[in-house]
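Q: Structure for the following, please:
(chains A and B, ligands or ions: 2)
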Amino acid sequence: MNFPSDDALNESSETMEILGHKGISRRDFMKFCTGMAALLSLPASFIPKIAEAVSSKRPYVVWLEFQDCAGDSESMLRASKPTIAQIVLDVISLDYHETIMAPSGKQAEKSLMDVVNNQKGQYIAIVEGAIPLKDGGVYCCIGGKTALDIAKEVCGNAAFTINVGSCSSWGGIASAKPNPTGAVGLGEAVPGITYVNLPGCPMNVENVTATIVHYLTFGTLPAVDERHRPYFAHGKTVHDNCERRSHFDAGQFVRQWGDEGHRQGWCLYEMGCKGPIAHFNCPSIRWNGGTSWPVQGGHGCIACATDNNWDVAYPFYGRLPNVPGFGIEKTADKIGAGLAAATAAGLILHGVGRAISPKKDDDNK
Amino acid sequence: MANEGKRIYAWEFPVRFTHWINALCIFALSITGFYIGNPFMYAISSKQYIMGWMRFIHFVAAYMFLMSVIIRVYWAFVGNKYACYKVWFPFSGEKMSEFVNALKFYSFMSRKPPYTVGHHALAGFTYLIVYMMFLFEIISGFALYSVNHKGAIWYALGGWLTASMALQMIRLYHHLVMYVLLAFTLIHVYFAWYSDSREKNGLMLSIFTGYKFLTGKESDI
Ligand code: HEM
Ligand code: SF4
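A: Ligands and ions are numbered 1, 2, ... in the order given. This is a model prediction of the structure:
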């Protein structure tokens, strides 16, 4: 394979020097680039290109937080292979991140504005958290400015925006019924901007990294679906790549938590697993550096990367939603059985009516 | 009364053929669909393929059902007047009163059967609703299918629905409509028998042979 020439990636290049200080060898770095190529479904011949792009370009990045739980920041920082987190945080120049930056108050806001003013159209904005629109947006203000105004200014001037997590992608838990603050995702709040959604609760840091790497390598965002989610991360259902899938096809299902099937690792379909309707690459990249993921841990998928999952994928431990207009005790099957029974009873009654009503038709009268 | 006892060819072959293919498909789709929703059989060994086969049969029957519905709708435009699509839209004044008469007859309020060779207004309207339900099952079914089968065909057949309806809701209604169709089937068979027993026109046999016997009172020969 044709690895990048030594001047692009020699031990003394700026990036390698920074990484070297962190104890990351050139070998670790190449492993990272290989992993990224695999995640983006690129052939091996792209690995040198990725390595060159990642080691030579240092984009400016600002990370905004609105109505969120900082779970995506956590996910980013806890990337358990420290190399990935360091590569992302060190190769990119993270200029503003409220939770982890040293400056605070006016100083912090100044560093944000410096990037917006000096790197217009050049920097990447990462947004975490929903944007409340109700009552003039008063439910989320930073430094006296509403989330909406900040988003308009910062994302409007960015090269593009990456929405990390479900909240900024489509509103997330903040927008679950009854959505008291009128929370929406960034795409809806600020129409017309260029963005990509990486939903999930939280998003998977590998996908954020891969999106940035794709941009550095090709100068464009990865191909996305109609919900602005990259195909490489959200193109397939959880169900399609699930390691329990063979139990699904066989017909081996967990019926109760802790039963024999649960201990055997059978399919969680009947326990309400939403893998069949959830598009995410959890089964292949997993979490915490590939340690595990919910279904591997024995819990069904809750479709966290699906629009409105808090409302539509509910109940999490039932396969189908409750039937609108009926109590929560009534499942689709109970209602169906009731309908069939009522029909049969009606017909039997009708049969009795037929037997006792006059036989001859009197249409000639 | 001149026609009394005469045989008349009401249901042409494509009508009878699609009727029975539909019946077969709905039976297969309901059994397998019910299993997909409630896997009532459990595999003993992971070498078995119960859910796999259920889904396979469901999808094969689904394609058959789709073809059958297409043929029947096509025939509604080229077939005889008893198969004509106009029968499904009984909204003229005359048809509306036939509709009311049929309702009265079925609820013992009148003893005059709605004598017709083809469908009377109530039946025609019922089939309109039933075909709407078929259409919904097909669209929602292919919407679910398109989750794993990306392609223009599946998008056109139902995939587009996922843009406006959450997949969980599609699953729910796809499931619920099965029960409505089950209730329809019960009512359908019962009233076919009931009408036959009152009108004595060979209605029950006609869906096998195509022929009905005139009583001489039919309005739509
Ligand atoms: C009379 C017609 C039909 C009936 C009664 C029927 C019934 C059902 C039922 C009860 C389910 C289980 C739903 C659930 O609880 O999640 C189901 C699933 C499904 N049906 Fe149908 N169905 C019909 C037609 C179709 C058609 C035309 C298609 C087209 C491809 C289709 C495709 C599917 C798919 C893809 C699933 C989900 C399978 C899975 O999740 O693995 N169905 N059907
Ligand atoms: S555990 Fe969930 S995702 Fe995995 S095969 Fe079963 S239903 Fe599908």
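
Q: Going by C-alpha atoms from here, please, whenever you check contacts or count neighbours.
A: Noted.

Q: ok, which stretches of chain B are helices?
A: Secondary structure of chain B (DSSP state H): helices at B:13-37, B:50-78, B:93-106, B:121-145, B:152-157, B:167-199, B:203-209.

Q: buried stuff in the fifth one?
A: When neighbours are counted by 16 or more other C-alpha atoms under 10 Å in any protein chain shown, the buried residues of helix B:152-157 are found to be B:154-155, B:157.

Q: Kindly report the same for the second one.
A: Buried residues in helix B:50-78, counting neighbours by 16+ other C-alpha under 10 Å, are found at B:50-52, B:54-55, B:57-59, B:61-62, B:64-66, B:68-69, B:72-73, B:75-76.

Q: again with the longest one
A: By neighbour count, and taking 16+ other C-alpha under 10 Å as the criterion, the buried residues in helix B:167-199 are B:167-184, B:187, B:190-191, B:193-195, B:199.

Q: circling back: now flag whichever of the buried residues of helix B:152-157 is closest to A:Gly137.
A: B:Tyr155 (38.3 Å; C-alpha to C-alpha).

Q: List the contacts of that closest one.
A: B:142-143, B:146 (C-alpha atoms under 8 Å, 6 or more residues apart in numbering or on different chains).

Q: Most neighbours out of those residues, which is it?
A: Within the contacts of B:Tyr155, neighbour counts (other C-alpha atoms under 10 Å in any protein chain shown) peak at B:Ala143, which reaches 26 neighbours.

Q: That one is in contact with B:Ser164, isn't it?
A: No - between B:Ala143 and B:Ser164 there is no contact under C-alpha atoms under 8 Å: 11.1 Å.

Q: Chain A contacts on chain B?
A: Residues of chain B lying close to chain A by C-alpha under 8 Å from any C-alpha of the partner chain are B:38-39, B:41-52, B:107-108, B:111-113, B:147-148, B:166-169, B:171-172, B:175-176, B:179-180, B:182-183, B:186-187, B:190, B:198.

Q: again, 7 Å this time
A: Counting by C-alpha under 7 Å from any C-alpha of the partner chain, the residues of chain B close to chain A are B:42-43, B:46-52, B:111-112, B:166-168, B:172, B:176, B:179, B:182-183.

Q: what's the domain layout of chain A?
A: Split into domains by automatic domain parsing, chain A comes to A:58-226, A:238-363.

Q: what's the closest of those to ligand 2?
A: Nearest to ligand 2, of all the domains of chain A, is domain A:238-363, at 3.5 Å by C-alpha to the nearest ligand atom.

Q: what's the average pLDDT for the closest one?
A: Averaging pLDDT along domain A:238-363 yields 91.

Q: Could you do stretch B:162-181 as well?
A: The model assigns stretch B:162-181 a mean pLDDT of 95.

Q: can it be found next to ligand 1?
A: Yes - against ligand 1, stretch B:162-181 shows contacts by C-alpha under 6 Å from any ligand atom at B:171, B:174-175, B:178.

Q: can you tell if that stretch touches ligand 2?
A: No - residues of stretch B:162-181 are not located near ligand 2 by C-alpha under 6 Å from any ligand atom, the shortest gap being 13.5 Å.

Q: likewise stretch A:236-244?
A: Yes - counting by C-alpha under 6 Å from any ligand atom, ligand 2 is contacted by stretch A:236-244 at A:238-239, A:242, A:244.

Q: Can you add distance to ligand 1 and secondary structure and give those back as JSON lines?
A: Below are the residues of stretch A:236-244 next to ligand 2 laid out as JSON lines (distance: C-alpha to the nearest ligand atom, whole Å; DSSP: H, G, I helix; E, B strand; the rest coil):
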{"residue": "A:Val238", "distance to ligand 1": "13", "secondary structure": "helix"}
{"residue": "A:His239", "distance to ligand 1": "10", "secondary structure": "helix"}
{"residue": "A:Cys242", "distance to ligand 1": "14", "secondary structure": "coil"}
{"residue": "A:Arg244", "distance to ligand 1": "14", "secondary structure": "coil"}
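
Q: which residue sits closest to the residue of the stretch 101-250 of chain A found nearest chain B, ignoring its sequence neighbours?
A: Residue nearest to chain B within the stretch 101-250 of chain A: A:Ala250 (4.0 Å; C-alpha to the nearest C-alpha). Nearest residue to A:Ala250, sequence neighbours excluded (C-alpha to C-alpha, 6 or more residues apart in numbering or on different chains): B:Tyr49, at 4.0 Å.

Q: Thought A:Phe248 was touching that neighbour, still the case?
A: No - look at B:Tyr49 against A:Phe248 with C-alpha atoms under 7 Å: they stay out of range, at 8.6 Å.

Q: Looking at these two, which is more packed in?
A: Between B:Tyr49 and A:Phe248, counted using other C-alpha under 10 Å, A:Phe248 has the larger neighbour count: 25 against 18.

Q: now check the strand or helix carrying that one, is it near ligand 1?
A: Taking DSSP states H and E as the criterion, A:Phe248 maps to helix A:245-250. No - with C-alpha under 6 Å from any ligand atom as the criterion, ligand 1 is not reached by helix A:245-250; the gap is at least 9.3 Å.

Q: mind listing what's buried in that helix?
A: Neighbour-count burial for helix A:245-250 flags A:245-250 (criterion: 16+ other C-alpha under 10 Å).

Q: mind checking how far that helix is from the chain centre?
A: 26 Å (C-alpha atoms, centre = their mean, to the nearest Å).

Q: does the helix or strand following that helix come close to ligand 2?
A: Per DSSP H and E, the first helix or strand lying C-terminal to helix A:245-250 is helix A:260-264. No - shown here: helix A:260-264 not in contact with ligand 2 (C-alpha under 6 Å from any ligand atom), separated by at least 10.5 Å.

Q: Could you name the helices and strands sitting against whichever helix or strand comes after helix A:260-264?
A: Using DSSP H and E, the helix or strand that follows helix A:260-264 in sequence is helix A:282-285. Applying 3 or more C-alpha pairs under 7 Å, 6 or more residues apart in numbering or on different chains; DSSP states H and E, we find helix A:282-285 packed against helix A:238-241.
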